[in-house]
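In: Predicted coordinates and the sequence they were generated for:
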Amino acid sequence: MITAYQSIFIGIPYVIFLMVIIGLLDFFFSRERILVRSMIFAPTAWIIAPFYIFYMLHVQSMFPKLIIAGFLELCFFVVYLLLFKKLYLTVSQVGYSSLEAMLSRLKWGTLLLVCINAPIHIQDGVGIFADGSRIDFIVGSRVNLYLVYASILLQIVMVPIIASIINLQKRWSKPVLLYLVLMSLFSILAGSRGLPVLALMSIVGLLKFEHMKEYIRLLRIPICASLLLVILIIYFVGSFLSLNPSEMFSLMFTRFFITNDARALAIDWSHYLANLEASLFREAFRSFLAPPQYPPLGQLLYSLQFGTTGLIGANASATALFIAYGTEIEKLFFVILLLWLLIMIYLSSVNIKYNNILVLTIGVSFVRRLTQDFLAFQVFMNLLILLAVLFCLFRFIRQAVGVPSAGPIIDDLQRAKI
């Protein structure tokens with residue numbers, strides 16, 4: 001019988017064929033082409049969903065926990081599509097009256113990007129210059145941990161702002177190009193094998209023009225930039241990883257599909273992990289409850305499968321944790337919790353007076369983190385709570401010293417859907 005990990009590679013042509021067929025049908029028969037845009041915006045979201053189906057079809061067996069995990073992933077996928085559609089329609093409706101505010105946020109976002117990343121990259125042994133894992137430097141340092149994830153969160157929320165600016169200006173302006181160059185530079189220095197290209201794809205997925213010739217004219221730059229970035233990553237990052245260009249390209253391509261590596265390895269090692277009798281909630285919520293017994297699941301699975309040491313591993317999804325750990329009662333409550341989180345994310349993203357771009361973007365990102373990296377989801381939650389506390393503190397101080405309210409300004413920003 002094939003392993004779940006082997007099924008990832010066996011399923012690659014089937015997944016590609018399925019995405020191409022759905023994409024072509026959506027492109028020719030849908031006006032907004034939401035499915036095609038959602039593929040461009042986040043291709044891994046489409047790769048994750050069919051994983052359990054293909055595996056169960058190949059092994060010709062359907063285990064209850066795999067059916068439940070597949071159902072959860074399907075729920076994540078549906079909510080992702082709903083929120084993405086809302087985000088795209090909101091971005092496409094941004095008017096010229098919002099352009100100045102958008103440019104202001106781009107300026108401050110670029111400055112904040114530099115301020116967050118500068119303390120990270122002035123340290124020794126960071127990113128591509130690290131001797132071991134490129135995330136070793138965040139271990140034992142909450143400051144580094146939150147700086148890294150604050151940078152990721154910032155880059156996420158900047159995507160619709162940049163897309164809105166391009167939609168209005170119908171060109172790649174200098175401020176936009178400056179931000180993209182800096183973001184790409186920091187990503188490559190951090191050792192990312194494809195984040196700059198994925199960021200460009202996310203922006204392209206939110207663009208909307210009236211005529212096809214505008215797409216052709218404007219997409220020449222991102223296509224050429226993506227090719228240049230891929231070449232730089234293949235040779236520059238590949239040299240630090242001691243990989244030749246063909247090996248580096250193969251690694252970047254398959255990395256899209258082994259987004260499912262933690263899920264697959266959790267299935268393959270589920271019997272062994274069950275014998276550990278580890279608490280699901282203790283291992284999943286590592287920052288909130290009692291100290292966990294074992295390393296992060298993705299790291300543990302890689303050490304079991306490949307004999308790796310250190311922090312090398314996978315991003316463990318919520319369903320991988322569900323498969324790996326816990327009693328039946330724990331699994332039941334964990335599923336209820338995940339569904340509750342999913343419902344709360346959806347309602348908090350769409351149930352607002354104005355269609356707020358940033359809120360929708362964060363909602364989409366949170367759904368993706370639930371299905372891709374459950375630990376990152378928790379760090380993002382901590383960051384947003386910290387920002388909310390700082391905002392309330394700032395508001396209290398402003399009122400205490402008698403600074404005039406910024407209500408009209410906030411109202412203008414809300415009307416601008418920012």
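Out: Perfect, I can see it now.
In: going forward, measure contacts between C-alpha atoms and count neighbours the same way
Out: Noted.
In: how about the helices in the stretch 151-300 of the chain?
Out: Ranges of helices in the stretch 151-300 of the chain, per DSSP state H, counting those that start in this stretch, are 174-189, 195-205, 212-232, 238-240, 245-257, 261-268, 270-275, 280-284, 297-306.
In: so what does the host helix or strand of Cys75 touch, helix or strand wise?
Out: Using DSSP states H and E, Cys75 falls within helix 64-92. Under the contact definition 3 or more CA pairs under 8 Å, 6 or more residues apart in numbering; DSSP states H and E, helix 64-92 sits against helix 34-41, helix 43-48, helix 51-59, helix 142-169, helix 318-324, helix 328-350, helix 357-372.
In: Could you give the average pLDDT over the longest one?
Out: Helix 142-169 shows a mean pLDDT of 91 in the predicted model.
In: okay, the angle between it and helix 195-205?
Out: Going by axes from the mean of the first three to the mean of the last three CA atoms, to 10 degrees, helix 142-169 is angled at 40 degrees with respect to helix 195-205.
In: Would you tell me which one of the helices and strands packed on helix 64-92 is buried the most?
Out: Of all the helices and strands packed on helix 64-92, helix 318-324 carries the top mean neighbour count, a mean of 26, counting by mean count of other CA atoms under 10 Å.
In: Can you show me the CA trace of it as PDB?
Out: C-alpha atoms of helix 318-324 as PDB (Å, rounded to 0.1, in the frame of the first residue of the first chain):
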ATOM      1  CA  ALA A 318      -5.100  22.000  12.200                       C
ATOM      2  CA  THR A 319      -6.200  18.800  10.500                       C
ATOM      3  CA  ALA A 320      -2.700  17.300  10.800                       C
ATOM      4  CA  LEU A 321      -2.800  18.000  14.600                       C
ATOM      5  CA  PHE A 322      -6.300  16.500  14.600                       C
ATOM      6  CA  ILE A 323      -5.100  13.300  13.000                       C
ATOM      7  CA  ALA A 324      -1.900  13.000  15.100                       C
END
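In: contacts for that helix?
Out: Here helix 318-324 makes contact (CA atoms under 8 Å, 6 or more residues apart in numbering) with 65-66, 69, 72-73, 262-264, 266-267, 269-270, 273-274, 280, 284, 297, 331, 334-335, 338, 370-374.
In: about what we covered before: deepest in the core, which of the helices of the stretch 151-300 of the chain is it.
Out: Between those, helix 261-268 has the highest mean count of neighbours, a mean of 25, where neighbours are mean count of other CA under 10 Å.
In: That one - contacts with which helices or strands?
Out: Secondary-structure packing of helix 261-268 (3+ CA pairs under 8 Å, 6+ apart): helix 4-10, helix 297-306, helix 318-324.
In: any residues touching the first one, and which ones?
Out: In other words, helix 4-10. Against helix 4-10 from outside (CA under 8 Å, 6+ apart): Phe51, Phe54, Tyr55, His58, Phe257, Ile258, Asn260, Asp261, Ala264, Leu265, Ile267, Asp268.
In: Same list, those, but as a markdown table with pLDDT and distance to Gly109 please.
Out: Shown next, in a markdown table, are the contacts of helix 4-10 (pLDDT from 0 to 100; distance: CA to CA, whole Å):
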| residue | pLDDT | distance to Gly109 |
| --- | --- | --- |
| Phe51 | 89 | 36 |
| Phe54 | 88 | 41 |
| Tyr55 | 89 | 42 |
| His58 | 83 | 47 |
| Phe257 | 85 | 31 |
| Ile258 | 85 | 32 |
| Asn260 | 92 | 32 |
| Asp261 | 92 | 33 |
| Ala264 | 94 | 37 |
| Leu265 | 95 | 38 |
| Ile267 | 94 | 41 |
| Asp268 | 93 | 43 |
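In: from the residues you listed, which single one is nearest Val401?
Out: Comparing the contacts of helix 4-10 against Val401 with CA to CA picks out Asn260 as the nearest, at 52.6 Å.
In: Quick check: that closest one touching Ile48?
Out: Yes: in this structure Asn260 lies within contact range of Ile48 using CA atoms under 8 Å: 6.4 Å.
In: picking up where we left off before, quick check: next helix or strand after the helix holding Cys75?
Out: helix 99-121.
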